[in-house]
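Sequence and predicted model, in that order:
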Amino acid sequence: MRRIVAILLLIIVAVGISLSLAKIPFGTSKTKVGRYYIDEGIKETGAVNIVTSVVVNYRGFDTLGEVTVLFIATIGLGAVLTANGREKIRKTEPASLVLYTGCRLLFPLILVFGTYIFIHGHLTPGGGFQGGAIIASGFLLIYLGCRERRISRVAFNLAESLGGLIFVVIGLLGLAFGDYFLSNFLPKGTANTLFSAGIIPIIYIAIGFKVGSELASIIDNLIEES
């Protein structure tokens with residue numbers, strides 16, 4: 001019985017993949033997908049960064065899946081490292097003077113730079129994932145140089161939850177006011193300006209906070225374990 005169910009599921013998945021692939025235009029007689037994005041991306045999304053328009057608009061649902069995978073990985077790692085049900089006593093040695101001074105001077109600059117990256121993701125190379133990773137690297141520097149400081153897990157969990165919630169709410173609003181989930185329903189503004197590209201900057205800000213908090217939480221869990 002299990003084999004029959006497994007075979008049926010495989011057939012359904014295979015048919016779905018085949019139908020999806022059949023929708024992709026190939027050959028010189030049809031419009032090339034990449035050329036369409038390049039020619040129509042700015043007009044349809046308002047984002048001058050074509051990579052951004054693809055990642056957050058044309059395949060925004062896939063990006064939501066990537067963020068979900070990172071969220072599940074964070075939960076899984078936390079569950080594995082805290083399986084014993086008790087927190088370990090963390091003993092640290094003071095960092096060197098150079099590392100301690102660098103931590104205090106560079107940390108706020110790293111936060112500002114990471115924020116700049118995901119706020120301007122629709123204008124310049126970068127975005128939510130890149131900006132979030134930069135912000136997480138700032139907290140890694142905190143752990144290495146300012147070892148007596150600890151992050152607020154409540155604040156990080158709140159930032160992570162709000163980031164994911166904003167992403168989903170924007171997608172549902174697109175479904176309500178547009179034609180599909182994550183539809184770019186806001187005014188696209190003028191290209192090459194900060195207030196442009198509709199929902200894309202908002203989504204990137206949400207992704208930036210979510211990815212940054214999740215990666216920083218992973219770093220925190222690993223350092224606690226070590």
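Nice, I can see it.

all helices of the chain, in order?
Using DSSP state H, the helices of the chain run over 2-22, 33-45, 50-52, 60-81, 97-119, 128-145, 153-177, 200-225.

Of all these, which one is nearest T193?
Closest approach to T193 among the helices of the chain is made by helix 200-225 (10.7 Å; CB to CB). Placement of C-beta: from N, CA and C, glycine included.

which of the residues in the closest one are buried?
200-221, 223 (16 or more other CB atoms under 10 Å).

got the contact list for G128?
F118, G121, I203, Y204, I205, A206, I207, G208, K210, V211 (CB atoms under 8 Å, 6 or more residues apart in numbering).

wait, doesn't the first one sit right on I207?
Yes - with contacts counted by CB atoms under 8 Å, F118 reaches I207, the gap being 6.9 Å.

Mind listing the shared neighbours of the two?
Residues within reach of F118 and of I207 at once, by CB under 8 Å, 6+ apart, are G127, G128, G132.

Next one: the residue lying closest to the first one once chain neighbours are set aside relative to V48, how far apart?
Across the structure, with CB to CB, 6 or more residues apart in numbering as the measure, the residue nearest G127 apart from its sequence neighbours is G121 (3.4 Å). With distances taken as CB to CB, to the nearest Å, G121 is found 11 Å from V48.

next one: A14
39 Å.

Counting neighbours around each, name which of these two comes out higher.
With neighbours defined as other CB atoms under 10 Å, A14 and V48 compare such that V48 has more, 17 against 10.

so what's that one up against?
Counting by CB under 8 Å, 6+ apart, V48 touches I42, H122, L123, A191, N192.

Also G102?
L141, G145.

I207 contacts A133, correct?
No - at 10.9 Å, I207 does not count as touching A133 under the criterion of CB under 8 Å.

could you point out where the protein is predicted with low confidence?
For the chain, applying pLDDT under 70 flags the ranges 20-21, 23-31, 83-92, 224-226.

Which residue of it lies farthest from its centroid?
Going by CA atoms, centre = their mean, the residue of the chain most distant from its centre is M1, 40.4 Å out.

How about the contacts made by that residue?
With CB under 8 Å, 6+ apart as the criterion, no residue contacts M1.

Quick check: it vs S152, distance?
51 Å.

Same check on L194?
30 Å.

The two: which is more packed in?
L194 (12 against 9).

my guess is that one meets Y116, correct?
No - using CB under 8 Å, L194 is not in contact with Y116, being 10.9 Å away.

Go ahead and confirm L182 touches G171.
Yes - between L182 and G171 there is a contact at 4.3 Å, judged by CB under 8 Å.

Return every residue with contacts to both of the two.
G60, F61, L64.

I'd like to know which of those residues is nearest to G178.
Of the shared contacts of L182 and G171, the one sitting nearest to G178 (CB to CB) turns out to be G60, at 11.6 Å.
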